[in-house]
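S.K.: model the structure of this input:
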Amino acid sequence: MTRVWDVSVGDSTLVRRAREAVEEAAVAAGLNPARAGDAALTATELATNAVKYAGGGRIVAEVARDDWGNARALQILALDHGPGILDVDRAMADGYSTGGSLGSGLGACARACDHFEVDSVPGRGTLALARIAAPEHRGRFSGPAVTGGLHLPLGGHPESGDGLAFRSGSGHRTVMLADGLGHGAAAAEASDAAAGTVRRQAGEPPEALLRLLHAELRSTRGAAVAVVDIDESAHRLTFCGVGNVGARLHSNGRWETLLSQPGIVGAFGLRTPVPQRRAWNRGDMLVLHTDGLPSRWSPEGIEGMVTRDAALIAGRVFRDAGSAARPLRDDTAVAVALHTERFDGKRA
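M.R.: Numbering: from 1, shown residues only. So this is what the prediction gives:
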């Protein structure tokens, strides 16, 4: 199941709680003591910065997978709605500080992590993404991920009722986001069953996967599910969804909403899934989200982050869709898929 460590850091007394939560998450990710220490250092720095400069924020830790589903890493995402950082590059340099400290915080985090990125918009807040892997898997997490996301369970529950799964192979990338009916352990059971099935059967057409998932989820309460197949050699994206998982595609300079058909996968009868096919080219972006995200959310402007890490973009979507004062109304998950060739011509 998707285990999430989500800690709100409103004052300095909660920094220790964030560190302890990340230490627990590091064990779940299979990190050795040295790498777990790097994770604890990173969490402490990010939580301290959120309190000192933004008046508070949240630290979200979970286990992330590589594109082939064979390696795991600890993912830490720090979010705040503070004043932002005017010059991120300068803030990352050792010796820079606006708070009278030695000024090595963000730079120390970057050195401790396999991948570390900061996104900050003055007046809207700051995001920091850290990924830390076991020594044998560090190379698989050393750059920006082209597929990733985050999970936020309702009410601080340790398990998310939403589930993201993705896997690459045979020239195809399969991405699935499931929203288990309701929330809590039973919802997590449904989304986890969907994720496990997709990891085993990745590469099947989305409509075939949905039919398979409908059978596999019969013993659960069911889920809303969106499945995507990306075939970059054919410049094609195929989407198929059932239920209320949202999908926004940015391609050819504009955003398009991809609609799912009504229903619940694993419950009652399933209408024949109808796939939607779209072009998929360099610079395109797909955002999937469960219904915990406010309906008023607009993707406009997110396309400017196309060269950034997919999970960092997902964090921006979540952060900008709400406010520090707005509590979650349901389990929330956001997933982002990017073209493997970025605008700078480099291949991820």
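S.K.: H137: neighbouring residues, count only.
M.R.: H137 has 18 neighbouring residues, counting by other C-beta atoms under 10 Å. Placement of C-beta: from N, CA and C, glycine included.
S.K.: for it, which non-adjacent residue is closest in space?
M.R.: Excluding the flanking residues, the one nearest H137 by C-beta to C-beta, 6 or more residues apart in numbering is A71, at 4.1 Å.
S.K.: and that neighbour, what is it in contact with?
M.R.: Counting by C-beta atoms under 8 Å, 6 or more residues apart in numbering, A71 touches 65, 133, 137, 140-141.
S.K.: pLDDT score for it?
M.R.: Looking at A71, its pLDDT stands at 88.
S.K.: is G263 in a helix, a strand, or coil?
M.R.: Three-state call for G263 (DSSP: H, G, I helix; E, B strand; the rest coil): coil.
S.K.: how close does the nearest residue to it once chain neighbours are set aside get to W280?
M.R.: With C-beta to C-beta, 6+ apart as the criterion, G263 has its nearest non-adjacent residue at 4.6 Å, and that residue is V242. Distance of V242 to W280, given as C-beta to C-beta, to the nearest Å: 22 Å.
S.K.: confirm that R277 sits in a strand.
M.R.: Yes. Per three-state DSSP, R277 lies within a strand segment.
S.K.: can you count the residues close to it?
M.R.: Counted with other C-beta under 10 Å, R277 comes out at 14.
S.K.: partner residues bridging the closest residue to it other than its chain neighbours?
M.R.: Distances taken as C-beta to C-beta, 6+ apart place T238 nearest to R277, at 5.1 Å, with adjacent residues excluded. When bridges are called by DSSP bridges, T238 pairs up with D229, R277.
S.K.: and T238, what pLDDT?
M.R.: For T238, the model assigns a pLDDT of 98.
S.K.: tell me the confidence at the closest residue to G125 other than its chain neighbours?
M.R.: Distance criterion C-beta to C-beta, 6+ apart; nearest residue to G125, sequence neighbours excluded, is H81 at 4.4 Å. The model reports H81 with a pLDDT of 94.
S.K.: ok, E204 - contacts?
M.R.: E204 neighbours (C-beta under 8 Å, 6+ apart): 174, 212.
S.K.: pLDDT score assigned to it?
M.R.: Listed pLDDT for E204 reads 89.
S.K.: helix, strand or coil: sort out it for me.
M.R.: Secondary structure, three-state DSSP: E204 is coil.
S.K.: now the phi/psi pair for it, please.
M.R.: Backbone torsions of E204, given as degrees, to the nearest 10, read phi -70, psi 150.
S.K.: ok, now how distant is it from R167?
M.R.: 11 Å.
S.K.: summarise which helices and strands the lowest-mean-pLDDT helix or strand in the chain is packed against.
M.R.: When the helices and strands of the chain are scored by mean pLDDT, DSSP states H and E, helix 88-92 comes last with a mean of 81. Applying 3 or more C-beta pairs under 8 Å, 6 or more residues apart in numbering; DSSP states H and E, we find helix 88-92 packed against helix 105-112, strand 115-121.
S.K.: look at the residue sitting nearest the centre point of the chain and give its secondary structure.
M.R.: Note on the chain: the residue nearest the mean C-alpha position is G149, at 1.2 Å, using C-alpha atoms, centre = their mean. Recorded secondary structure, G149: strand (three-state DSSP).
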